[in-house]
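In: Quick check, what structure comes out for this input:
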Amino acid sequence: MSVTVNALGKACPFPVVEAMREIGKMTDGGTLEVLVDNETAVGNLERMAASKNLSSACETREDGTFCVRIEVAACEACGEMAFDAERIVVAVDSAEMGRGDSELGKTLMKGFLYALSQLPKLPQTLIFYNGGATIPVEGSVSLEDLMFMEKAGVEILTCGTCLNFYGLTEKLAVGSVTNMYTIVEKLAGASKVIKP
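Out: Next up is the predicted model:
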């Protein structure tokens, strides 16, 4: 079986997410070809393959694009993540991920939330507070991913004090408003807290 994913022009984490999705479907094994147009994506795909003990090779094409071939062995649950998402809480306190350039930080946060929405097992709860409260509102670039996760059963909570501070109370577009006591309860009861 041979499958091709066209990720040309797609930014991180799209090539890896799409490759993982296809690997998860290839229970009979085969070759996965991922077309990308930058060396960063090639490296990310090769590292992902190595982390799953899958062999990979990259071919540079005449037009300067790359074809990463990943050999997928027959398996029962390729692509499954080895964690229990039952009580995982993701706490987002900023519209940016990491420290440094603000625009890069916003791009990284968008990528993080997209990648999170593509996990085979989603977290139980997402909590947005402080600058993170600006994400689950009208016009957000991550709104589609958040709506997808909410529809899949993820609880999405946003700090009411924070929404009020930023003047966004009426613009909350996904999830519900919460308070600090509930935030503390959710964090204290989590089996794991992830903070991007």
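
In: Quick check: which element contains Cys12?
Out: For Cys12, there is no host helix or strand (DSSP states H and E).

In: now do the one 5 residues further on
Out: For Val17, the element it lies in under DSSP H and E is helix 14-25.

In: Equivalent analysis for Thr158, please.
Out: Using DSSP H and E, Thr158 falls in strand 155-159.

In: Can you name the residues in contact with the helix or strand just after that strand?
Out: Later in the chain than strand 155-159, the nearest helix or strand by DSSP H and E is helix 160-165. Contact partners of helix 160-165, identified using CB atoms under 8 Å, 6 or more residues apart in numbering, comprise 128-130, 132-133, 137, 169, 172, 177-180. Every residue, glycine included, has its C-beta placed from N, CA and C.

In: circling back: check the model's average confidence along the strand holding Thr158 for me.
Out: Taken as a whole, strand 155-159 has an average pLDDT of 96.

In: Which strands and helices lie in contact with that strand?
Out: Packing partners of strand 155-159 (3 or more CB pairs under 8 Å, 6 or more residues apart in numbering; DSSP states H and E): strand 125-128, helix 143-151, strand 176-178, helix 180-188.

In: Which stretch among those is buried most, on average?
Out: Among these, strand 125-128 has the highest mean neighbour count (mean count of other CB atoms under 10 Å), at a mean of 26.

In: Which elements pack onto it?
Out: strand 88-92, strand 155-159, helix 180-188.
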